[in-house]
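K.L.:
got a structure for you, letters missing:
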């Protein structure tokens with residue numbers, strides 16, 4: 001699984017790509033390359049989030065209710 005730093009770096013890179021694309025001053029070929037890279041980054045980030053969500057769900061279902069008596 002990717003670490004949080006990788007996720008944060010990917011999001012930062014994705015934000016920069018979106019900003020550059022929104023300016024609209026790149027040649028078409030460069031815009032397409034940047035768009036493709038952005039799609040790949042977005043997919044990677046989504047995978048990381050899905051994995052984290054599954055782990056949280058798994059941990060939540062394995063955690064005893066807080067009102068349960070502690071085992072001794």
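P.N.:
On my side now, so go ahead. In this text the structure is predicted, and so the values were computed from the model without any measurement. Numbers count the residues shown, from 1 in each chain.

K.L.:
so who does the residue most central in space within the chain touch?
P.N.:
A centroid search over the chain (C-alpha atoms, centre = their mean) returns residue 45, at 2.5 Å, as the residue closest to the centre. Shown in contact with residue 45 (C-beta atoms under 8 Å, 6 or more residues apart in numbering): 7, 10, 11, 14. Placement of C-beta: from N, CA and C, glycine included.

K.L.:
Not counting sequence-adjacent ones, nearest residue to the first one?
P.N.:
Spatially, and ignoring its direct neighbours in sequence, residue 7 is nearest to residue 48 (5.0 Å; C-beta to C-beta, 6 or more residues apart in numbering).

K.L.:
Tell me where the model's unsure across this protein.
P.N.:
For the chain, applying pLDDT under 70 flags the ranges 1-4, 63-72.

K.L.:
Helices of that one, start to end?
P.N.:
Using DSSP state H, the helices of the chain run over 4-23, 28-62.

K.L.:
Could you list the buried residues of the longest one?
P.N.:
Neighbour counts over helix 28-62 (16 or more other C-beta atoms under 10 Å) mark 34, 38, 41, 45, 48 as buried.

K.L.:
cool, and the shortest one?
P.N.:
For helix 4-23, burial by neighbour count (16+ other C-beta under 10 Å) applies to 7, 10, 14, 17, 21.

K.L.:
and it, what does it pack onto?
P.N.:
Counting contacts by 3 or more C-beta pairs under 8 Å, 6 or more residues apart in numbering; DSSP states H and E, helix 4-23 packs against helix 28-62.

K.L.:
so how far is stretch 54-64 from its chain's centroid?
P.N.:
Its chain's C-alpha centre and that of stretch 54-64 lie 20 Å apart, by C-alpha atoms, centre = their mean, to the nearest Å.

K.L.:
do stretch 33-53 as well
P.N.:
Using C-alpha atoms, centre = their mean, the offset of stretch 33-53 from its chain centre is 6 Å.

K.L.:
Fine by me, we can end here.
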